[in-house]
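*Asks:* sequence first, then the predicted structure, then my questions.
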Amino acid sequence: MQSVRTFLSVFLVVGYFLPSFVLGQSASLIEAAKKEGGKVVVYGSLQDNSMEPIGKAFQAKTGLELNYWRGTATKAMDRALVEHRAGKPLYDIVLTSDNEMEIMQKEGIFIRYDSPAAKAFPVNSANPELGPVYRYAIVGVVYNKDIVKPADAPKTLEDILKPQFRGKIAMPDPTQDTSMLRWLESLHKVMGKERAAKFTADLAATKPSLAEAFLVAADRASTGEASLAITLLINVVTFGQKGAPMDYVRLPTMMGSSHYITLSKKAPHTNGGKAFIDFFLGDESMRIMAKNGESVNRQGVYPPIPGIDKVKLLDMEDFDTQGFAEKKKEYQKIFMR
């Protein structure tokens, strides 16, 4: 993966393989999928407000049923690995963040599928085994403008440590959520090691409200249970659609993760899985996601988040399973005092 990028350059500057044909479902592939049972099982962390309309559109176009199980990136990985190790995977596809996907890839649970729809994505963002990056999940600080007036909102990351926000910050529990752990471990990229270590200790000292996931943390900020949330920027749109006037802190550099969609090596519905990947990477699916706030990696398609196309993004640090286990113990000491 690239270490630094801006969305403006990702979407508009880098070279693309543009298809010379209209991407569509292969009739023979869909017929083969119907003979397998006519359904596709997907495990992932993409929010339901995107997957539900994508699933309906996919079924309308192909006649195939989508069964989607959603959890955090960590839980999606754990569930897929448990089933794979037992030799009886129930899923056809996994879609989640880069670090978790790379851990699963190293364990050999995926098989490469070169979807024709992948040609519409930037060449330099693709993983040789996992395929193209289809979206970026950007972590930032989000707030409800009815609760925190824009004039009083933090202007820097360290502003969230001010006394008025003590006990009023919601964030995922880094001892449970690997994405939150990765974000904390990556702060040195924007602050340097000493400032990052102090920031993390000071953040823990504010007694934040620890949630099970980014979505739950954002929900607490949207309702006023918390003043701020460290969460994904997509939640500006997710909760805005529910009537909460959400906004985010315009930091000069933010961090996030790349997301992939990949076929299981032992998929019960291999052809259905391929048909879904073709559809999922297509224009209709990408526009559904962008409308719901996802920063999709497709030329000219942006989410309705002001300033998102100017974001400078750094990739978060990666860890293997042992590294995660060791770091979780460290954060337990910091946040569970």
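*Replies:* Structure's in. What do you need?
*Asks:* can we go C-alpha only for contacts and neighbour counts from here?
*Replies:* Fine.
*Asks:* wait, residue 98 touches residue 257, no?
*Replies:* Yes. Taking contacts as CA atoms under 8 Å, residue 98 lies within contact range of residue 257: 6.3 Å.
*Asks:* find residues that contact each of the two.
*Replies:* Overlap of the contact sets of residue 98 and residue 257 (by CA atoms under 8 Å, 6 or more residues apart in numbering) is empty.
*Asks:* next, count neighbours for the closest residue to residue 267 other than its chain neighbours.
*Replies:* Closest residue to residue 267 apart from its sequence neighbours, by CA to CA, 6 or more residues apart in numbering: residue 92 at 4.3 Å. Residues near residue 92, counting by other CA atoms under 10 Å, number 26.
*Asks:* and the helix or strand where residue 42 lies, what does it pack against?
*Replies:* Using DSSP states H and E, residue 42 maps to strand 39-44. If you count contacts as 3 or more CA pairs under 8 Å, 6 or more residues apart in numbering; DSSP states H and E, strand 39-44 packs onto strand 65-70, helix 73-86, strand 93-97, helix 270-280.
*Asks:* can you tell me which of those is packed in deepest?
*Replies:* strand 93-97 (a mean of 26; mean count of other CA atoms under 10 Å).
*Asks:* partner strands of it and their direction?
*Replies:* Counting by DSSP bridges, the strands paired with strand 93-97 are strand 39-44 (parallel), strand 254-264 (antiparallel).
*Asks:* phi, psi of the residue nearest to residue 267?
*Replies:* phi -100, psi -30 (degrees, to the nearest 10).
*Asks:* pretty sure it contacts residue 44?
*Replies:* No. With contact defined as CA under 8 Å, residue 92 does not reach residue 44; the gap is 11.1 Å.
*Asks:* following the worst-scoring helix or strand of the chain on mean pLDDT, which helix or strand comes up?
*Replies:* Within the chain, no helix or strand scores below helix 7-12, which has a mean of 37 by mean pLDDT, DSSP states H and E. Later in the chain than helix 7-12, the nearest helix or strand by DSSP H and E is helix 27-35.
*Asks:* could you tell me the angle between that next one and strand 65-70?
*Replies:* 70 degrees (axes from the mean of the first three to the mean of the last three CA atoms, to 10 degrees).
*Asks:* for the residue sitting nearest the centre point of the chain, helix, strand, or coil?
*Replies:* Taking CA atoms, centre = their mean as the criterion, residue 137 is the residue nearest the geometric centre of the chain, at 4.1 Å. Assigned state for residue 137: strand (three-state reduction, DSSP: H, G, I helix; E, B strand; the rest coil).
*Asks:* for beta bridges, what are the partners of it?
*Replies:* Beta-bridge partners of residue 137, counted by DSSP bridges, are residue 257.
*Asks:* with residue 70 instead?
*Replies:* With DSSP bridges as the rule, residue 70 is bridged to residue 44.
*Asks:* neighbours of residue 307, how many?
*Replies:* For residue 307, the neighbour count with other CA under 10 Å is 9.
*Asks:* what's the spacing between it and residue 141?
*Replies:* According to CA to CA, to the nearest Å, residue 307 and residue 141 sit 14 Å apart.
*Asks:* again, but for residue 319
*Replies:* Taken as CA to CA, the span from residue 319 to residue 141 is 23 Å.
*Asks:* equivalent analysis for residue 300, please.
*Replies:* Noted for residue 300: a distance of 25 Å to residue 141, by CA to CA.
*Asks:* and residue 42, by the same measure?
*Replies:* In this structure, residue 42 and residue 141 are 30 Å apart, going by CA to CA.
*Asks:* residue 290 too?
*Replies:* Separation of residue 290 from residue 141 (CA to CA): 20 Å.
*Asks:* ok, residue 206 next?
*Replies:* Distance from residue 206 to residue 141, by CA to CA: 15 Å.
*Asks:* how about residue 72?
*Replies:* Here residue 72 is placed at a distance of 19 Å from residue 141 (CA to CA).
*Asks:* and the two? Which one has more around it.
*Replies:* Set residue 72 next to residue 141 and count neighbours by other CA under 10 Å: residue 141 wins out with 26 against 22.
*Asks:* now that one, what are its backbone angles?
*Replies:* According to degrees, to the nearest 10, residue 141 has phi -110, psi 120.
*Asks:* quick one: contacts for the residue nearest to the centre of the chain?
*Replies:* Going by CA under 8 Å, 6+ apart, residue 137 touches 232-234, 256-259, 294-295.
*Asks:* what's the pLDDT at it?
*Replies:* Here, the pLDDT recorded for residue 137 equals 94.
*Asks:* then the one 4 residues further on?
*Replies:* Residue 141 is assigned 98 on the pLDDT scale.
*Asks:* dump the residue contacts of the nearest residue to it once chain neighbours are set aside.
*Replies:* In space, residue 141 comes closest to residue 230 once its chain neighbours are excluded; the distance is 4.7 Å by CA to CA, 6+ apart. Residue 230 sits next to 139-142, 169-172, 214, 217-218 when contact means CA under 8 Å, 6+ apart.
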